[in-house]
Structure formats: C-alpha cells, structure tokens
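Asks: sequence and predicted structure below; questions after.
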Amino acid sequence: MSAPSPFIELSRDQWRALASSAPLPLTQADVEKLRGLGDPIDLPEVDVVYRPLTALLETYITSTRARGQATAEFLGVDERPTPFIIAVAGSVAVGKSTTARLIAHLLRRFPATPRVDLVTTDGFLLPNAVLEERGLTTRKGFPESYDRHALLDFVAAVKSGAPRVKAPVYSHTVYDIVPERRITVERPDVLVLEGLNVLQPAPRGHQPLGGSTLAVSDFIDFSIYVDADPEHIRSWYLDRFLTLKRTAFRDPRSYFRRYASLPDDVALTVAGGIWESVNLANLKENIEPTRERATLVLHKDADHHMSRVRLRKA
C-alpha cells in the first residue's frame, strides 16, 4: 500500500485523455515561434500537455474569481478582481520558458482571460557590477543574486491591483540588466511569472513589507514546476550551449563571444564545468527543494516529452 500523498499523479495517457474536452487554438507555426532554444516541442506535444493544462488553469481562475466575488458580497464591498498569478519554476535548460510562453499564449485565446502578461524574474537579477562588488559573480541565478525586495514589491503590487507596475529588463545577449528599460504591467487578467526561484520561501530574517516575513510565492495563485532528471537537463544544457556557440555567441555584443571560436570539444568541457559548479549546484541547493511547493509538477523524459503530471489535491 502506497503512502498518502498531497498530490494526484497522472500518467501521460491519463493526462492526454483530458485533452478532448479542451480547445487547441495553436498551429505548428505558433509552436515554432514560442518554443525555446533546444526545446523540440511540437504541436502533438502541445496538444497532449497544454490543452488540458490551460483548461485546468481556466477552472482555477474562474473559481478564484467566484470566491473573490462571494467574499466581496459578504463584506459589502465593491472590489475589482485582481490579476491571477501563475508561477513557472524549474532548472536552467529544462524548458520552463517555453512552458510559460505557451501558457500565456493559450490563455489569451480564452474569452475570460484575453489580457495575459509574461514577466521573467531575470529582470530582477542584480546588475553585474553589484554582483562583482558583493562577490556573487559565480552565484548568478542563486537566490542571493536577485533584488528580492524589488521582485517582492513588484509581485505584491500586481496582486494588490495596482493600475500600473513596472519591471526591469534583462538581456541574455549582454548578460546584464538593461538600464532605463522597463516592462509595464497594467492590471492583466493573468500574470505568468517565470523564473528559477519563484517558489522560494522567505529567507530567515527577511522582512520587507510592514515587518511581515513574505515571499513571492505567497502571492502566487497557481504554480508549475517543470521537472526532469538532472542528467537529462545536463544533456539539454550542453546541446543548447553548442547551438548558442554557433549563433548568439557570435553577436559582437554577446557577453559569451569568447566561446564562439572554441572547438566543440573544448566548449563542451567549459559548459560541463559551468553546469556542475553553477547550474547543478543551484538546482540541488535551491530550485529542486521547492518542487513539492508547486501546485502542479510537469515531469519530462529524456526526449523533452511529458511523462507524468502531479497535481496537488484541492
């Protein structure tokens, strides 16, 4: 007899069976535009995974709005619904950016949620100069490398219904924050927040708002953790590194331009070292421990295909 679990676990076939009741307004051209570098997701995979997922999200959004309306009526107040916030977490190279973009794109097709914004937590990384000053250059992507106060303030403002909230912008080309550039979020129906550490609990002694210990995850309505075996993620990371070496790293503005001319075997050695010392360490120390905090865990096999889903019981 298996031990009790707070999750309902569904196989790929069980999850696929749910797709028949959900619309799929995407084409293969849409998928090509939305998927991340190195992520081989195609229309059949979107059909299997994201039709049921976005239909499920719509039920959560609808029920959350109904509960908010019932509470407002009980209190005798007139409150406009606040944005529904969806978090997408997971390792570097696991495909969470593709997941976030697909969710945002599909949710915009539903009549109840036409306004969906997508923000990545990369914009809240501390500038490179600050990281260097604090001795955190090799810890980029770890929780301490973010401006946690600014990120928390941003999410809290969005969730409170502020009419306009701005977020900083990060460039993967220059590997740094872009000064003076901002993303503006204006009371969307849904905010999709994607990042490595969005499910982190509040650090001890962290009291940014009115003396209360809060974390970004306290403002999340539904959270998705994109999961895979670390060895599979390592393989995807190395493949992506080689692809970037032949493409984006050749950009004269690229922070990683020095890697563009390396032989492939040397580049793989360098990438393997970065994976072990930075990305795998961050995954094991900080990211993976937050997996059990997610509402839904989407587990991938070696081919980037979803193999099972774990949904937290209501």
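Replies: Sure, I can see it.
Asks: any idea how far the closest residue to residue 272 other than its chain neighbours is from residue 38?
Replies: Once flanking residues are discounted, residue 272 sits nearest to residue 238: 6.7 Å by C-beta to C-beta, 6 or more residues apart in numbering. For every residue, glycine as well, the C-beta is placed using N, CA and C. Residue 238 sits 10 Å away from residue 38, going by C-beta to C-beta, to the nearest Å.
Asks: so where's the longest strand in this protein?
Replies: strand 176-185 (DSSP state E).
Asks: helices or strands up against it?
Replies: strand 116-120, strand 165-171 (3 or more C-beta pairs under 8 Å, 6 or more residues apart in numbering; DSSP states H and E).
Asks: now stretch 13-32, how far from the centre of its chain.
Replies: Computed by C-alpha atoms, centre = their mean, to the nearest Å, the chain-centroid distance of stretch 13-32 equals 20 Å.
Asks: let me see the mean pLDDT of that stretch.
Replies: For stretch 13-32, the mean per-residue pLDDT is 81.
Asks: same question, stretch 96-108
Replies: Per-residue scores along stretch 96-108 average to 93.
Asks: ok, now stretch 156-163?
Replies: 96.
Asks: all the strands of the stretch 201-314 of the chain, residue numbers only.
Replies: 222-227, 296-300, 306-312 (DSSP state E, counting those that start in this stretch).
Asks: for the longest one, C-alpha coordinates in PDB please.
Replies: Included here for strand 306-312 are C-alpha records, laid out as PDB according to Å, rounded to 0.1, in the frame of the first residue of the first chain:
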ATOM      1  CA  MET A 306       5.900  14.900 -20.600                       C
ATOM      2  CA  SER A 307       5.800  11.500 -18.900                       C
ATOM      3  CA  ARG A 308       3.600  12.300 -15.900                       C
ATOM      4  CA  VAL A 309       1.800  15.100 -14.100                       C
ATOM      5  CA  ARG A 310       1.400  15.500 -10.300                       C
ATOM      6  CA  LEU A 311      -1.400  17.900  -9.300                       C
ATOM      7  CA  ARG A 312      -1.800  19.000  -5.700                       C
END
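Asks: so what does it touch, helix or strand wise?
Replies: In terms of contacts (3+ C-beta pairs under 8 Å, 6+ apart), strand 306-312 is packed against strand 7-11, helix 12-16, helix 43-75, strand 296-300.
Asks: just the buried positions in the third one, please.
Replies: Read it as helix 43-75. 45-58, 60-61 (16 or more other C-beta atoms under 10 Å).
Asks: so which of the helices and strands packed on strand 176-185 is the most packed in?
Replies: Highest mean neighbour count of the helices and strands packed on strand 176-185: strand 116-120, a mean of 22 (counted as mean count of other C-beta atoms under 10 Å).
Asks: hmm, who's touching it?
Replies: For strand 116-120, the external contacting residues (C-beta atoms under 8 Å, 6 or more residues apart in numbering) are 97, 100-101, 104, 107-108, 154, 167, 170, 183, 185, 188-195.
Asks: buried subset of those?
Replies: Among the contacts of strand 116-120, those classed as buried by 16+ other C-beta under 10 Å are 97, 100-101, 104, 107-108, 154, 167, 170, 185, 188-195.
Asks: surely residue 95 and residue 34 touch.
Replies: No - counting by C-beta atoms under 8 Å, residue 95 stays clear of residue 34, with 11.5 Å between them.
Asks: circling back to that earlier point, mind checking which of the contacts of strand 116-120 are in helices?
Replies: Among the contacts of strand 116-120, DSSP state H puts 97, 100-101, 104, 107, 154 in helices.
Asks: how about those residues in JSON lines, adding distance to residue 26?
Replies: Shown next, in JSON lines, are the ones in helices among the contacts of strand 116-120 (distance: C-beta to C-beta, whole Å):
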{"residue": "97", "distance to residue 26": "17"}
{"residue": "100", "distance to residue 26": "15"}
{"residue": "101", "distance to residue 26": "11"}
{"residue": "104", "distance to residue 26": "12"}
{"residue": "107", "distance to residue 26": "12"}
{"residue": "154", "distance to residue 26": "29"}
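Asks: which of those lies closest to residue 85?
Replies: Nearest to residue 85 among the ones in helices among the contacts of strand 116-120 is residue 154, at 10.9 Å by C-beta to C-beta.
Asks: number of residues surrounding residue 148?
Replies: Residues lying near residue 148 (other C-beta atoms under 10 Å) number 21.
Asks: per-residue pLDDT, it?
Replies: So, for residue 148, pLDDT stands at 94.
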